[in-house]
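**Student:** Requesting a structural model of the entry that follows:
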Amino acid sequence: AHFNSEADAAALRKAMKGLGTDEAAIINVIAHRNNAQRQEIKLKYKLLHGRDLIEDLHSELGGHFRTAVLALMETKAVYDAHCLRNAMKGLGTDESVLIETLATRTNQEIKDIVAAYNTAFKRNLEKDVVSETSGNFKKFLVSLCQGARDESPA
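**Tutor:** As a prediction, the model looks like this:
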């Protein structure tokens, strides 16, 4: 199927306009688009309808469905930043999230995550990693936070 951000934005508005919400229509659009396309739909929705898609989705949806849809509407860097923050806030640290995120992203993706983390939480990712980890594991994660790995082909 050919991607059309204008048609998708219109379909989402129609799904949320008036009484009730057509969840199937929302799923049909959101679940069948990649992240870049979803970002384009978000912009087109604002242009066409003068409304914030995220605010509309938040007010129309509930529970785990809302959580999942809103997560899909984030940029990858913002989503990763939220995952990292959630892994480190409160008691204990979910080390597996730190490893999964920082060890599997490209240098540019890590730089984007560091910036998104700072913007979203007014916090420094590296400082949070330092305060939440120790020893060689801390050194390893701080190194990954630099986004300076050799990415040349083997």
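
**Student:** Please identify the helix or strand for Phe3.
**Tutor:** For Phe3, there is no enclosing helix or strand under DSSP states H and E.

**Student:** how close does it sit to Leu53?
**Tutor:** With distances taken as CB to CB, to the nearest Å, Phe3 is found 16 Å from Leu53. From N, CA and C alone the C-beta is placed, and that goes for glycine too.

**Student:** Ok, Gly135 next?
**Tutor:** With CB to CB as the criterion, Gly135 and Leu53 are 44 Å apart.

**Student:** neighbour-wise, which of Phe3 and Leu53 wins?
**Tutor:** Leu53 (20 against 13; other CB atoms under 10 Å).

**Student:** That one and Lys42 touch, don't they?
**Tutor:** Yes. Counting by CB atoms under 8 Å, Leu53 does reach Lys42; the two are 5.0 Å apart.

**Student:** Between the two, which contacts overlap?
**Tutor:** Residues within reach of Leu53 and of Lys42 at once, by CB atoms under 8 Å, 6 or more residues apart in numbering, are Met73.
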